[in-house]
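Asker: following is a predicted model, sequence given first.
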Amino acid sequence: MSLMRLAYASEATFEAKPVEKGVEPHVARILMTSRRNNAKGKLVGGLYYGNNRFFQYLEGEEDEVRKTFDRILKDERHRNVVTLIEEPLEDRTFSNWSMKYVPLSRDVRRFLESQGLEAFEPASFTSDQCEDMIELVRNSSHDQKLVNHDDTRTVGDTPQAFSPGLKAGLIAAALCLLGALFFAGSML
Ligand SMILES: Cc1cc2nc3c(=O)[nH]c(=O)nc-3n(C[C@H](O)[C@H](O)[C@H](O)COP(=O)(O)O)c2cc1C
């Protein structure tokens, strides 16, 4: 059986929602399915999501990679898929990851800055830049449990200080406090 590797870039079609547990909710669902299917198909690789763009790297048995990529191509959660690498592979280069997820971490920001790139636009990466990205994900120690909110900010995004739920809670608490003050004031 022959091994192959594949990398592509695409654009998300969904509106990014505030991160939950360090991951954008649409991306979290994609990761859940990917990890289940890729573990079964002995596929390994990494997924970057930032600036509403995806960069994904996959390696494994050729028929599994192609079968999976065919499904990915039909997925309506992204569009404008550009294949960046598609070639045979001698040996596996990722060890035990079914789908490693690395949000736009400091490493990636540093990489973009070093390349003079202002935003994460993987469709325009040169082949050297693709290899650097793959190396970053290979060496990254992040996993879903380790990511924090700072790491999930995309280049050019403003951080989400409060989630809508937290905002509503704070407003309710402030109203209760005001009510209590008025009540205390009227008792004097
Ligand atoms: C950016 C992106 C990356 C994806 N990566 C994978 C992947 O690595 N493996 C996978 O099985 N599905 C992946 N999917 C999901 C597939 O498109 C498809 O929804 C899924 O494989 C269907 O699996 P199911 O039949 O088990 O529900 C990805 C989808 C998107 C949008």
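Answerer: Done, it's in.
Asker: Leu3 contacts Glu62, correct?
Answerer: Yes - Leu3 is within contact range of Glu62, at 6.8 Å (criterion: Cβ atoms under 8 Å). Glycine gets a C-beta too; all of them are placed from N, C-alpha and C.
Asker: spit out the residues that contact these two alike.
Answerer: Among the neighbours of Leu3, those also in contact with Glu62 (Cβ atoms under 8 Å, 6 or more residues apart in numbering) are Pro88.
Asker: from His26, how far out is the residue most central in space within the chain?
Answerer: Nearest to the geometric centre of the chain sits Tyr49, at 3.2 Å (Cα atoms, centre = their mean). Distance of Tyr49 to His26, given as Cβ to Cβ, to the nearest Å: 9 Å.
Asker: ditto for Leu3
Answerer: 30 Å.
Asker: the residue nearest to the centre of the chain in helix, strand or coil?
Answerer: Under DSSP: H, G, I helix; E, B strand; the rest coil, the three-state class of Tyr49 is strand.
Asker: if we ignore the residues flanking it in sequence, what's nearest it?
Answerer: Val27 (4.8 Å; Cβ to Cβ, 6 or more residues apart in numbering).
Asker: strands of this structure, start to end?
Answerer: Secondary structure of the chain (DSSP state E): strands located at 3-12, 44-50, 53-61, 78-89, 100-103.
Asker: need those in TSV with mean pLDDT and distance to Arg138, can you?
Answerer: Compiled in TSV, the strands of the chain are given as follows (pLDDT from 0 to 100; distance: least, Cβ to Cβ, whole Å):
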stretch	mean pLDDT	distance to Arg138
strand 3-12	97	12
strand 44-50	89	7
strand 53-61	95	9
strand 78-89	98	13
strand 100-103	74	8
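Asker: who wins for proximity to Arg109 among those?
Answerer: strand 44-50 (9.3 Å; Cβ to Cβ).
Asker: ok, that closest one: who's next to it in the sheet?
Answerer: Partners of strand 44-50 in the sheet, by DSSP bridges, are strand 53-61 (antiparallel), strand 100-103 (parallel).
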